[in-house]
Structures are given as C-alpha cells and as structure tokens.
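[1] here is a sequence together with a model predicted from it:
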Amino acid sequence: MINLGRAPCDEGVIRAAAATADCANRAKPWVLAAAVLGSSMAFIDGSAVNVALPRIQSDLNASVQAAQWIVNGYTVMLAALILVGGSAGDHFGRRRVFALGAAVFTAASITCGLAPSTTVLVAARIAQGTGGALLVPGSLALISAAFPAEERGKAIGTWAGFSAITTALGPVLGGWLADTLSWRAIFFINVPIALSTLGIAFGRLPESRDQSEGAAIDWRGAFLVTAGLLTLAYALTAMSEPHWTDLLVSGPLLASAILIAAFIWSEARGPSPMLPLGLFRSPAFSGANLMTLLLYFALSSAFFFLPFDLIQVHGYSATLAGAAFLPFTLIMGGLSRWSGGLVEHYGARLPLTIGPTVAAAGLALLASSSLSGSYWAAFFPGMAVLGLGMSVSVAPLTTTVMGSVEDKRAGTASGVNNAISRIGAMLAVALLGAVAAGNFGSALDARLNDLQVASEVRLSLKAQAAKLAGAQMPSQVQGEQRLAVERALSESFVQTFRVVMLVSACVALGSALCAWLTTAPITGRKG
C-alpha cells in the first residue's frame, strides 16, 4: 500500500506564495514516477499483446480479422484521440485527465482479461485505446508543467528511457505470461500498476492547467477522425473476404473517405483545430510525416505477422517468440543515444535515407525464412538489421519533425507525428491482413489440389482460411495425409509471410525515397 504522506499540492496551495517553491520541488519525483508508471501500461500493452495473439486466436476461435481488430481497436483510438487527450488536460486539469485515463485504461484492462469472446475483447481494447490517449500525452504534460525548462529535457529523457525499457520488455513479458499463466494475465498486470499510479496522482501531484487557453476543445474534429479511421479500418479488414467492390467493403470505404474529408474541412475552418493544417505548409514537416507513415507501416507488419510465423509454423513457445524480438530492442536501446547526434553531424537526408533502406534489407531478410533453419540463421539476421535500420531512423526523424516547426508548435508537432505513426501501424495490420488472407487462401488451394484431398476437407479448410496457419485440421484427415495437409498449411503461411515482408520492404524503401526528396542535403556540421 502506498504511503501517501502529505496532502497533494492543489492550485490553492501552490498559489500561496511561501509554499510554492517547496511544494513544486517535492512534487517533481512523484510527477516523474506517476508519468513513468502510467504510460508504461500503454507501452507494455502495445507490444505484449502481439506475441499473445496466436494463443488468443486459438482460445477464442478467432479469425485473422478478429486478431487485426484486437490490435487496431486499440491503435485507432490511440491515434485518433491522442491530440485531443493532451488538449483536454490543458483545459480540465492535467492531473484530473491523467487519472481519468488511468482509471479508464484499468477498467478496460480488467474487461479484456475477463472477455468471453473476441467481440467483448475488441470493445474493451477500443476502451483501452481511449484511456491510453489520455495517459500518454497526459504523462508528458505533467512533466512539462512540473519541471522548469532547464530540467525538463533530463526529466523527459528519463521518461523516454523507461518507456523504451517497458516497450522492450513487453514481448518477453507477454510471451512468458501467456505460457505460464494465460494471455489474460497480460491485462491483469495493469491493475497494480494503475493503483500505484492513481495513489501517487491523488496523493502527491499538484493540479495544473493552461489558464491562458481560451479556445474550446475540438470535439467535432475528434469525432470525425475517430469515426473515419474506425470505418477505414473496418473496410480494409473486411477486404480479406469479399472483393473490394462488394458493398460491405466499398460502402465503408466511401463513408471513411467522406468522414476524413469532413475532418480536414473542419480542421481548416475550426477556431481551435486539433490538427493545425498550417503545419503541413512546411515541406520538411510534411515529408517527415509521410516518411513516418510509410516506415511504421513497414515495421508494424513485421511485429504483427512474425509471432504467428514463429508460434504456429515453427513451434516456438510464446516466451521464445517474445524473446525473438530482443535483438531489435537491444540494438534500438544501445544505439539511440548515438543516433541522436546524426542530424547535427550529417544533416537529415543521409540518416533518413540510409536508415529506412537498412530496415528494408532487414525485412527482406525476414522474407527469406523457410520451414527449416534455426532462429540464428532464419530470424536473427533480419531482426538485427531491422533494429539497426530503425535505430538510424527514429531519433533523426524526431529531430526533423521538431525542427521543422516553431518552438511554440513543438508539442502539437510531436503529437501529430505520434498519431501518424500509429495510423501507419493501423493501416499495415488492416491492409496487409487482407493481402495475407487472400494470398494464404490461394496458396493453400493450390497445395490441396496437388494433394487431391477430399472435397469436404477442402471446403472445411477453405472456410478457415481467415485463420491462416491457425486453421483446425478436420477430424477425418489422418495418418500421412494429415501430415501432408499440416505441411501444406505451414508452407502456405510461409509463402504468405514472405509476400507480406517483401511488400513491407518496398514500403520502407518508399520511406527512404521520401526522405531523399523532401529533406535538405546538409543541415548541420560534418563530423
């Protein structure tokens, strides 16, 4: 139980002149602790759940579409509401909105852990994303309000370091919990973290808000972008079964286009838009965000599909599948400080062209994996090269985004770039999920033709094509034919995985081309 000690320093106490400095100084370590704990829930869940998806798919008898929504329900809400979440804290009180985010996230996590079906799980993940959209920007807003400018960089650096650690631990922790307890435990670990966060928030943190902010929150923009992204995700996910001209796909696609167009119109004319379109007049800002969209699209496809390949095809445990990501995270963590100085020494164009090109090479190496071969030969090289490419890309990309706008717009620019990276992840899971389902169905059909299996077996497996390699074998298939059909399923998924990784590699190369065309050759000094 947390010892809350003294009462929180609310605005009334802070305004009492004699106590202001002492109260603010006492609050600083608690602000940092609450920010780290609160945001760690969002980061752990963002990386841990992917590794558990094959187990969730098996336990809940879910299709790949349902698995896509388990990821995208969370991602869409986080992407759509992260800007309005920061604005809400400025208006209604940063501590209040941060605590609300923690409470919503925790309640949704408990619902996820108890979910009896994929429908309930997806709905709870959407609620989790809403809570995360209040938590993540709220944690940074609390730090910015509590620490003066000369101390803020170090505080944010500490927060970023812990965020990187929790994100890196997510796949390993998620895999271990799925193996030793249940995938449901991944969501229940948020409860003690949230209780600690809320205890600190109400026991130790000062309340703060932007008293000079007179404009209203852009609720209309938040509604339009959320509805537009959810509709788009639904259309792209549904595309894996009917043709894109089918009304179930074309209708939502048209609706999403109308909603997103209405969002842009609203942002162009609203008095306090959540997405100031004037930022995109900067070619560097526009180019960096387009590059972000493409690069995170490519990265997210690997993080979504690789656990299925490792667990369902190569027989890895969830723990080992999570550990398979460690080369990527360790390289990212080890090189992040070094990569932060690349723009100063070489300008933005060189690292932002080389980084995605190296990442594309890593994705191509993953595409070369087969049914045979050890982890060190089949997956380690690709993960290591992908980690190197992202290490060279991420810090220079953030520097370019922040340097392309005025200082007073830095927070908004960071929020926009964060949202776009998550939109890229959503598009990857939805669009490449449809590509994967179509490719897998065709590859499996061709192999079943060669095996000359009975028509009822073919129909049963074809009906389960949306589950990819998680399709259940019909009971009448026995003996050598069963082994042959199991191999056909595995080979079909490996072929599909190769196609998805090669598409992702091409998208990463597109990100490199975008960087070459939109960034200046040299913006800093040569080292």
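    That came through, no problem. Numbering: from 1, shown residues only.

[2] ok, residues contacting stretch 481-496?
    With CB atoms under 8 Å, 6 or more residues apart in numbering as the test, stretch 481-496 has contacts from 308-309, 312-313, 369-371, 436, 439-440, 443-444, 447-448, 451, 453, 457, 461, 468-469, 471, 473, 477. Every C-beta, even on glycine, is put in place using the N, C-alpha and C of the backbone.

[3] tell me the buried residues within these.
    Buried subset of those (neighbour count, 16 or more other CB atoms under 10 Å): 308-309, 312-313, 369, 436, 439-440, 443-444, 447-448, 453, 457, 461, 468-469, 471, 477.

[4] in strands only, show me those residues.
    If you go by DSSP state E, the buried ones among the contacts of stretch 481-496 have nothing in strands.

[5] now, those that are in helices?
    Of the buried ones among the contacts of stretch 481-496, the ones assigned to helices by DSSP state H are 308, 436, 439, 440, 443, 444, 447, 448, 457, 461.

[6] got JSON lines for those residues, with distance to residue 257 too?
    Shown next, in JSON lines, are these (distance: CB to CB, whole Å):
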{"residue": "308", "distance to residue 257": "31"}
{"residue": "436", "distance to residue 257": "24"}
{"residue": "439", "distance to residue 257": "26"}
{"residue": "440", "distance to residue 257": "28"}
{"residue": "443", "distance to residue 257": "32"}
{"residue": "444", "distance to residue 257": "33"}
{"residue": "447", "distance to residue 257": "38"}
{"residue": "448", "distance to residue 257": "38"}
{"residue": "457", "distance to residue 257": "41"}
{"residue": "461", "distance to residue 257": "36"}
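
[7] can I get those in a markdown table with distance to residue 174 and pLDDT?
    As requested, those are exported to a markdown table (distance: CB to CB, whole Å; pLDDT from 0 to 100):
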| residue | distance to residue 174 | pLDDT |
| --- | --- | --- |
| 308 | 14 | 90 |
| 436 | 22 | 89 |
| 439 | 27 | 88 |
| 440 | 25 | 87 |
| 443 | 29 | 87 |
| 444 | 29 | 84 |
| 447 | 32 | 84 |
| 448 | 34 | 81 |
| 457 | 34 | 74 |
| 461 | 29 | 77 |
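
[8] tell me where this protein has strands.
    According to DSSP E, the chain contains no strands.

[9] pLDDT-wise, which helix or strand of it ranks last?
    Lowest on mean pLDDT, DSSP states H and E among the helices and strands of the chain sits helix 11-15, with a mean of 49.

[10] where does the stretch 201-350 of the chain have low pLDDT?
    Scanning the stretch 201-350 of the chain for pLDDT under 70 picks out 210-215, 240-246.

[11] can you give me the helices for it?
    Using DSSP state H, counting those that start in this stretch, the helices found in the stretch 201-350 of the chain span residues 219-238, 247-269, 283-308, 318-323, 326-339, 342-346, 349-367.

[12] in a markdown table, list the ones you listed along with distance to residue 195.
    Formatted as a markdown table, these follow (distance: least, CB to CB, whole Å):
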| stretch | distance to residue 195 |
| --- | --- |
| helix 219-238 | 29 |
| helix 247-269 | 37 |
| helix 283-308 | 29 |
| helix 318-323 | 25 |
| helix 326-339 | 27 |
| helix 342-346 | 41 |
| helix 349-367 | 39 |
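
[13] out of those helices, flag the one nearest residue 417.
    The closest of the helices of the stretch 201-350 of the chain to residue 417 is helix 283-308. By CB to CB, the value is 5.7 Å.

[14] quick one: list the elements packing against the closest one.
    Other helices and strands packing on helix 283-308, by 3 or more CB pairs under 8 Å, 6 or more residues apart in numbering; DSSP states H and E, are helix 20-60, helix 318-323, helix 349-367, helix 380-403, helix 410-451, helix 479-518.

[15] of the ones you listed, which is nearest residue 158?
    Set against residue 158 and scored by CB to CB, those come closest in helix 20-60, at 6.3 Å.

[16] so how far is the closest one off the chain centroid?
    Relative to the centre of its chain, helix 20-60 is centred 14 Å away, using CA atoms, centre = their mean, to the nearest Å.

[17] the closest residue to residue 521 other than its chain neighbours: how many residues sit nearby?
    Distances taken as CB to CB, 6 or more residues apart in numbering put residue 349 closest to residue 521, at 5.2 Å, once the chain neighbours are dropped. By other CB atoms under 10 Å, the residues close to residue 349 number 20.

[18] remind me which residues of the stretch 51-200 of the chain are low pLDDT?
    Filtered on pLDDT under 70, the stretch 51-200 of the chain yields the residue ranges 149, 152-153, 157, 160-161, 164.

[19] closest to residue 50 among the ones in helices among the buried ones among the contacts of stretch 481-496?
    Closest approach to residue 50 among these (CB to CB): residue 308, at 9.4 Å.

[20] correct me, but that closest one touches residue 54?
    Yes - under the criterion of CB atoms under 8 Å, residue 308 makes contact with residue 54 at 5.6 Å.

[21] where along the stretch 51-200 of the chain do the helices fall?
    64-92, 94-114, 118-146, 149-180, 185-188, 190-204.

[22] elements contacting the fifth one?
    The contact analysis (3+ CB pairs under 8 Å, 6+ apart) places helix 185-188 against helix 20-60, helix 94-114, helix 149-180.

[23] which ones are touching residue 416?
    83, 275, 279, 289 are the contacts of residue 416 under CB under 8 Å, 6+ apart.

[24] quick one: which of those has the most company?
    The residue in the contacts of residue 416 with the most neighbours, by other CB under 10 Å, is residue 289 (27 neighbours).

[25] can you tell me how far that one is from residue 389?
    The gap separating residue 289 from residue 389 is 19 Å, by CB to CB, to the nearest Å.

[26] which residues does residue 473 contact?
    482, 485, 486.

[27] where does it land on pLDDT?
    The score at residue 473 is 74. That number is its pLDDT.

[28] what are the phi and psi values for it?
    For residue 473, the backbone dihedrals (degrees, to the nearest 10) come out as phi -70, psi 130.

[29] state the pLDDT value of residue 405.
    In this model, residue 405 carries a pLDDT of 76.

[30] what is the neighbour count of the residue nearest to it when sequence neighbours are not counted?
    Excluding its sequence neighbours, the residue lying closest to residue 405 (CB to CB, 6+ apart) is residue 413, at 4.5 Å. The local packing of residue 413 (other CB under 10 Å) involves 23 other residues.

[31] how about residue 413, what does it touch?
    Residue 413 sits next to 279, 285, 401, 402, 404, 405 when contact means CB under 8 Å, 6+ apart.

[32] isn't the first one up against residue 402?
    Spelled out, it's residue 279. No - Residue 279 lies out of contact with residue 402 (CB under 8 Å); the separation is 11.7 Å.

[33] what's around the residue nearest to residue 518 when sequence neighbours are not counted, how many residues?
    Nearest residue to residue 518, sequence neighbours excluded (CB to CB, 6+ apart): residue 287, at 2.5 Å. The tally of other residues near residue 287 (other CB under 10 Å) stands at 22.

[34] so how far is residue 289 from the residue nearest to residue 405?
    9 Å.

[35] please apply the same query to residue 108.
    The spacing between residue 108 and residue 289, counted by CB to CB, is 29 Å.

[36] same check on residue 441?
    Counting by CB to CB, the gap from residue 441 to residue 289 is 35 Å.

[37] cool, and residue 274?
    Distance from residue 274 to residue 289, by CB to CB: 15 Å.

[38] quick check: which of the helices of the stretch 201-350 of the chain is nearest to residue 172?
    Of all those, it is helix 318-323 that lies closest to residue 172, at 4.3 Å by CB to CB.

[39] which helices and strands does that closest one pack with?
    Using 3+ CB pairs under 8 Å, 6+ apart: helix 318-323 touches helix 20-60, helix 149-180, helix 283-308.
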